[in-house]
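Undergrad: I would like the atomic coordinates for the input below:
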Amino acid sequence: MQLAGGRGFSDHVSLLETNRRWKGALGQPASSLRPSWWSSGRWFGILGMAWLSALPADEAHAAAADEADLRRDATVRAIERALPTVVNIATTRIVEYRDPYQDLFYQFYGRRAPVERREEPSSIGSGVIIDEEGYILTNFHVLRRASRVYVKLQDGRVLEAEPLVYTPHKDVALIKVSLPREERLPAIAFAGDDDLILGETVIALGNPYGLGTSASRGILSSKARRPPVEGEPLGTQDWLQTDAGINPGNSGGPLINLRGELIGINVAVYREHQGMGVGFAIPVKQVNEALSEFFSPEVTSALWFGARVKGLHGPLMITSVQPGSPAARAALQEGMAIESVDGSRVRGLVEWNRRMTEAGERSVRLGVRLGGSRRTAEVQLVAFDSLVQQKLGLRLLQPTPQVAAAFQVNPGEGLFIESVEPRGPADRAGIPARSLLVGVEGQAVGSLFQVVELLVPKSSGERVRLTLLVPRRLGVNYVEYRQVTMEVTLR
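TA: Now for the predicted structure:
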């Protein structure tokens, strides 16, 4: 009789007899043996012990270590590298509760009772630490309408985070946690912008359904299907696609490759018609472009530099230069590498931005390299308010919630004109102080950065259209706000 594997029945009987003898030698009764040696699996363990005992001690330890490492494959190692950088995010928002007796209170006392406010959970999501100083990247939609943001680190600590800046059309937001002076957090490594292989194994890390940090594995099903369109919100055609499980709560977490490098930020799962296995992530190239905007003197300190710099963890590379900007006047060019600031080397984008903004409006010496040639470029940043004052003769302030409410707009819609320079460009055009600037050249503005972006391309003597909300008092207790458009000749 021949069995599978090529052995005859007599071969198995002899092995069974050998097994019985081993059992006896080990002090176990032969009657305890099962009738089929292969069903217990003990024979191989005993042979393995005998084989290891026959090896020298160091070789035996090496063989045992190799066997123990069989489970620690590339996926496990990638997760071990990236997991310490993943955080869970929870947000809360202030909700006002209107008491039904408030109107009655107003009728009797002539004023409304204080509105009760409560802090309620708003959303849950994920994030990833991108810099050791506590900068964390997540999705904008995770933070939308949040009044407070809390971050849970892998060591169990829960810290309140400060939202810094966001870009809705890319759905990326940057937040930061405050750390003791000497503490540093683990930061994730970034893959190259185009270092993507269709079909490669990818891993999604995050906090699905608020259950806590978890990992799911799949493949890279599709790269971005179209080139990015400037100013347009990103959609499924611009995202990476994967069949790794991305569920509510995974948003903002990293999508990594088998090297543990970030290749995308988890953003959505396709649920139309209950489709399964179709998840999306913002490509690392789009993430890097957003970070170039976030870590710029214009965004962090309202200082005009006029060039985009890329390289979160170095090397730093200039990707674009704005004509007429301080960067252009210093003869900086696209493709230049920035190696030092005031003679000291810089490690990456965060450190470079901090060193530049600490200088304020004084001159800074940048050590740059283009090809094989090196030189020093002297750059002097310009404050936004100085630039607006120079070109328009206006002093603009971000409106407080009270001022925004008075103009019947939301916070972040428009800039309050605190003063108008006598005989300046705005004064000659008849623009009144204490009004609200809501648009430049037909585009809505809510920050000095937006105003400067629209003014910078224009030269002295050009005319620019400003849209204003101008108060007009009608009677003792009533003020009307009229929207008007006026033209100003730039200085």
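Undergrad: so where is the chain shaky, pLDDT-wise?
TA: 1-68, 94-120, 122, 226-232, 270-276, 475-477 (pLDDT under 70).
Undergrad: Identify the residues contacting the residue nearest the centre of the chain.
TA: With distances taken as Cα atoms, centre = their mean, the residue of the chain nearest its centroid is L137 (2.3 Å). Contact partners of L137, counting by Cβ atoms under 8 Å, 6 or more residues apart in numbering, are 127-128, 130, 172-174, 252, 265, 287, 291. All C-beta atoms are positioned from the backbone trio N, CA, C, and that covers glycine.
Undergrad: from those, which is closest to R184?
TA: Closest approach between the contacts of L137 and R184, by Cβ to Cβ: I130, at 12.9 Å.
Undergrad: what's around L70, how many residues?
TA: Other residues within reach of L70, judged by other Cβ atoms under 10 Å, total 7.
Undergrad: my read is it is in a helix, agree?
TA: Yes - using DSSP: H, G, I helix; E, B strand; the rest coil, the assignment for L70 is a helix.
Undergrad: buried set for whichever strand or helix holds A161?
TA: Assigned by DSSP states H and E, A161 belongs to strand 158-167. Neighbour-count burial for strand 158-167 flags 159, 161, 163, 165-167 (criterion: 16 or more other Cβ atoms under 10 Å).
Undergrad: Same question for stretch 325-341.
TA: 325-327, 330, 332, 336-338, 340-341.
Undergrad: count of neighbours near T400?
TA: Using other Cβ under 10 Å, T400 has 11 other residues around it.
Undergrad: Distance of it relative to R145?
TA: 19 Å (Cβ to Cβ, to the nearest Å).
Undergrad: for L255, what are its contacts?
TA: 202-205, 240, 242, 244, 262-266, 281.
Undergrad: Let's have these in JSON lines, adding distance to V86.
TA: Formatted as JSON lines, those follow (distance: Cβ to Cβ, whole Å):
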{"residue": "V202", "distance to V86": "15"}
{"residue": "I203", "distance to V86": "11"}
{"residue": "A204", "distance to V86": "10"}
{"residue": "L205", "distance to V86": "5"}
{"residue": "L240", "distance to V86": "18"}
{"residue": "T242", "distance to V86": "17"}
{"residue": "A244", "distance to V86": "14"}
{"residue": "L262", "distance to V86": "10"}
{"residue": "I263", "distance to V86": "14"}
{"residue": "G264", "distance to V86": "14"}
{"residue": "I265", "distance to V86": "12"}
{"residue": "N266", "distance to V86": "11"}
{"residue": "A281", "distance to V86": "14"}
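Undergrad: Just among these, which is most surrounded?
TA: Comparing the contacts of L255 on neighbour count, N266 comes out first with 33 neighbours (neighbours: other Cβ under 10 Å).
Undergrad: on that earlier part again, helices or strands up against the helix or strand that the strand holding A161 is followed by?
TA: Next along the chain after strand 158-167, taking DSSP H and E as the criterion, comes strand 172-177. Under the contact definition 3 or more Cβ pairs under 8 Å, 6 or more residues apart in numbering; DSSP states H and E, strand 172-177 sits against strand 135-138, helix 140-143, strand 148-152, strand 158-167, helix 284-294.
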